[in-house]
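Chemist: Here is a sequence with its predicted model. Questions after.
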Amino acid sequence: MCTSTGHAEMTLFMRLLRATAQKLGMCILVLNEATAAGRPALGPSFTFLTDATLWLARALGRDRELRTAEVIRSRVSAHGTRCEFRIRDGAVIFAT
């Protein structure tokens, strides 16, 4: 259920995260497992509270190790960019 109080709390929290990241010179990742129709489900406002929104997915076919990362929205790079990769023994191996 979406409420104005919940929206205000989310906005305040994201602004605090941004201020912390800028002050400490760090990158903060917010992971969201809630999805609707193949897209993040925290509402349209959430997208504009981040510098970038990435979509991470597992391949649906035979290769269960294959992953895809796609830039859905970004202030610093082109959206729609995607790459395929595998994670083996803790190492990222980019697919060719």
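Modeler: Noted; the coordinates are in hand.
Chemist: how about the residue lying closest to Arg82 once chain neighbours are set aside, what does it touch?
Modeler: Of all residues not flanking Arg82 in the chain, Glu70 sits nearest, at 4.1 Å (Cβ to Cβ, 6 or more residues apart in numbering). For every residue, glycine as well, the C-beta is placed using N, CA and C. Taking Cβ atoms under 8 Å, 6 or more residues apart in numbering, we find Glu70 in contact with Leu54, Trp55, Ala57, Gly80, Thr81, Arg82.
Chemist: wait, doesn't the third one sit right on Arg67?
Modeler: Yes: contact status for Ala57 versus Arg67: in contact at 6.9 Å, counting by Cβ atoms under 8 Å.
Chemist: returning to what we had before: the residue nearest to Arg82 looks like it's in a strand, true?
Modeler: Yes: per DSSP: H, G, I helix; E, B strand; the rest coil, Glu70 lies within a strand segment.
Chemist: now the contacts of Glu70 in CSV, with secondary structure?
Modeler: Converted to CSV, the contacts of Glu70 look like this (three-state DSSP):
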residue, secondary structure
Leu54, strand
Trp55, strand
Ala57, strand
Gly80, coil
Thr81, coil
Arg82, strand
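Chemist: ok, of those, which come out buried?
Modeler: Burial by neighbour count, judged by 16 or more other Cβ atoms under 10 Å, picks out Leu54 from these.
Chemist: want to try JSON lines for the contacts of Glu70, with pLDDT and distance to Phe94 as columns?
Modeler: Formatted as JSON lines, the contacts of Glu70 follow (pLDDT from 0 to 100; distance: Cβ to Cβ, whole Å):
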{"residue": "Leu54", "pLDDT": "85", "distance to Phe94": "16"}
{"residue": "Trp55", "pLDDT": "84", "distance to Phe94": "17"}
{"residue": "Ala57", "pLDDT": "85", "distance to Phe94": "16"}
{"residue": "Gly80", "pLDDT": "84", "distance to Phe94": "18"}
{"residue": "Thr81", "pLDDT": "88", "distance to Phe94": "13"}
{"residue": "Arg82", "pLDDT": "88", "distance to Phe94": "12"}
